[in-house]
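Chemist: here is a sequence together with a model predicted from it:
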Amino acid sequence: MVSIIPSGFQGLAYQDRGPSLDMITYLAGSVGWADQVRSNSSPTSEEYDDAPSPLYAVLTDLWGILGGLEAKIAPLERCICIAHYIQLMSMHYRKIVQASAEFRLLRAEATDIMHWYQPRTHAERENLIFHSMNVVNAWKYGTVLDPEGIRLLVSLKLRFAEMRQWDTLVYILQKFPWISPSTAEWKDSLQQSSMMD
């Protein structure tokens, strides 16, 4: 399974005290379902009537994994799981999910972990950087980045030199599965945070 997951996850999967088997299974499966999720602009009535949509199935899997992760024992893995969950939740209905208490609690938890977590390895560092962009994106309302999202980005840029320039950040992002439309949003977020440096 590890051999088929994107290169950015492989170092994390091979390290001592790496992600759980459930998380590795999810990441291995993400290679196939990511294209499916991207191709569904919105769920159809048939998807609700017949079988769960790919998006719903993935969210269900992630929620199950999240329930078994304790922040004190596996903070980075929990943060990664939350980052995937909130990104997928907001893929089609961002305005709706941003108003939900569940989304806001998860976003706040992931943001908190990213503020204090100190990566132990290079693989953890790159995973924290990549997933931080998903969490920052969850703080965006339309085209405007919330002050909490700006604070997170500024904090991370102070800690990780790779995040200070778009070109060096992209080098890391390319090791992970990402959706092309996110590129413009992430670059814009970085520019908005630069005004606060």
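Modeler: All right, it came through fine.
Chemist: middle-most residue in the chain, spatially?
Modeler: What sits nearest the mean C-alpha location of the chain, by CA atoms, centre = their mean, is residue 83, with 3.2 Å.
Chemist: next one: that residue from residue 62, what distance?
Modeler: Distance, residue 83 to residue 62, using CB to CB, to the nearest Å: 10 Å. Yep, even glycine has a C-beta here, placed from its N, CA and C like the rest.
Chemist: quick check: longest helix of this protein.
Modeler: Longest helix in the chain by number of residues (criterion: DSSP state H): helix 75-98.
Chemist: how about that one: buried residues?
Modeler: Within helix 75-98, the residues that count as buried by 16 or more other CB atoms under 10 Å are 75-91, 94, 97-98.
Chemist: any idea which helix or strand of the protein has the worst average confidence?
Modeler: helix 45-49 (a mean of 44; mean pLDDT, DSSP states H and E).
Chemist: could you give me the buried positions within whichever helix or strand comes after that helix?
Modeler: Downstream of helix 45-49, the first helix or strand assigned by DSSP states H and E is helix 54-67. Using 16+ other CB under 10 Å as the test for burial, helix 54-67 gives 54-55, 58-59, 61-62, 65-66.
Chemist: go on, stretch 15-33?
Modeler: Quick answer for stretch 15-33 (16+ other CB under 10 Å): 18-19, 22-24, 26-30, 33.
Chemist: identify, from these, the entry nearest to residue 3.
Modeler: The closest of those to residue 3 turns out to be residue 28 (CB to CB; 8.9 Å).
Chemist: helix or strand: which one has the closest one?
Modeler: Assessed by DSSP H and E, residue 28 sits inside helix 21-39.
Chemist: quick one: contacts for residue 65?
Modeler: 20, 22-23, 26, 81 (CB atoms under 8 Å, 6 or more residues apart in numbering).
Chemist: go with 7 Å
Modeler: 22-23, 26, 81 (CB atoms under 7 Å, 6 or more residues apart in numbering).
Chemist: please name the nearest non-neighbouring residue to it.
Modeler: residue 22 (4.9 Å; CB to CB, 6 or more residues apart in numbering).
Chemist: residue 139 now?
Modeler: Per CB to CB, 6+ apart, closest to residue 139 is residue 149, 2.8 Å.
Chemist: isn't there a strand covering the one you found?
Modeler: No: applying DSSP: H, G, I helix; E, B strand; the rest coil, one finds residue 149 to be helix, outside a strand.
Chemist: roughly how far does it sit from residue 108?
Modeler: Residue 149 sits at a distance of 12 Å from residue 108 (criterion: CB to CB).
Chemist: what of residue 81?
Modeler: 15 Å.
Chemist: cool, residue 184 as well?
Modeler: 26 Å.
Chemist: repeat that for residue 162.
Modeler: 25 Å.
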